[in-house]
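K.L.:
please find the sequence and the predicted model below.
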Amino acid sequence: MTTLVLLLTLVMAIGVGVAVMLNRLLRAGSSRPLAESAIVATVGSGLQTYQPMNRLFAEEDFHFLAGLPQGEGLRTQLRRQRQRVLRLYLRELRADFERLYGWCRQLAPRSQDPNFATLITQQAAAFYGLLLVVHVRSTLGWFLPVRVDAGELVRVFDQLRQAARVSLPVAQPA
């Protein structure tokens, strides 16, 4: 009976996650006018900006604290603080992605690439799926030592930036 309740809860949690992801994907784009300078300003390397996320749960830091007399309490405190920092990084990355995705959605009708709309939708689905995985991994870090790798998340973000960069000159009127 308990296993059935846990399984049902897990299925419901996954369903809610998928529903939230689909809601974000299908939500109407921003009503702000599309500005070339706004797109160009976002084009760059997210890897440089968000690289510190990968070092937040470096095992070396936790091994060092394990050797100290009050190390266990410090390890717990460090893990909590770094989870908060990770959540802040993820919140900023998601906001940057949503802004860029909104601009790409405005750009899509004017793009001459027939696959642009499909590409940005696939990138958004991949991004939100990976974001969910990173959140779950960081939450499980309370119970298990879990390596949080946000590199794939940033790679998807950079791919969307590159798609916007390539489609921008094509979509602008001559």
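P.N.:
Yes, it's here. Residues are numbered from 1 along each chain as shown.
K.L.:
can you tell me the helix or strand for the most centrally placed residue in the chain?
P.N.:
Closest residue to the average C-alpha location of the chain: Leu131 at 4.2 Å, with CA atoms, centre = their mean. Taking DSSP states H and E as the definition, one finds Leu131 inside helix 116-140.
K.L.:
residues of that helix that come out buried?
P.N.:
Of the residues in helix 116-140, 116, 119-121, 123-124, 126-128, 130-131, 134, 137-138 count as buried by neighbour count, 16 or more other CB atoms under 10 Å. To be clear about C-beta, it is placed using only N, CA and C from the backbone, and glycine gets the same treatment.
K.L.:
dump the residues you listed into JSON lines; add distance to Cys104 and pLDDT as well.
P.N.:
JSON lines is the format used below for the buried residues of helix 116-140 (distance: CB to CB, whole Å; pLDDT from 0 to 100):
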{"residue": "Phe116", "distance to Cys104": "8", "pLDDT": "89"}
{"residue": "Leu119", "distance to Cys104": "9", "pLDDT": "91"}
{"residue": "Ile120", "distance to Cys104": "4", "pLDDT": "91"}
{"residue": "Thr121", "distance to Cys104": "9", "pLDDT": "92"}
{"residue": "Gln123", "distance to Cys104": "8", "pLDDT": "92"}
{"residue": "Ala124", "distance to Cys104": "9", "pLDDT": "93"}
{"residue": "Ala126", "distance to Cys104": "14", "pLDDT": "91"}
{"residue": "Phe127", "distance to Cys104": "12", "pLDDT": "91"}
{"residue": "Tyr128", "distance to Cys104": "14", "pLDDT": "92"}
{"residue": "Leu130", "distance to Cys104": "18", "pLDDT": "87"}
{"residue": "Leu131", "distance to Cys104": "17", "pLDDT": "87"}
{"residue": "Val134", "distance to Cys104": "22", "pLDDT": "80"}
{"residue": "Arg137", "distance to Cys104": "27", "pLDDT": "77"}
{"residue": "Ser138", "distance to Cys104": "27", "pLDDT": "74"}
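K.L.:
neighbours of the closest residue in space to Asp61 that isn't next to it in sequence, how many?
P.N.:
Nearest residue to Asp61 in three dimensions, chain neighbours excluded: Leu78, at 6.7 Å (CB to CB, 6 or more residues apart in numbering). For Leu78, the count of nearby residues is 17 (other CB atoms under 10 Å).
K.L.:
picking that back up, so which elements touch the very next helix or strand once past the helix holding Leu131?
P.N.:
Using DSSP H and E, the helix or strand that follows helix 116-140 in sequence is helix 151-171. On a contact count with 3 or more CB pairs under 8 Å, 6 or more residues apart in numbering; DSSP states H and E, helix 151-171 meets helix 36-42, helix 46-50, helix 71-107, helix 116-140.
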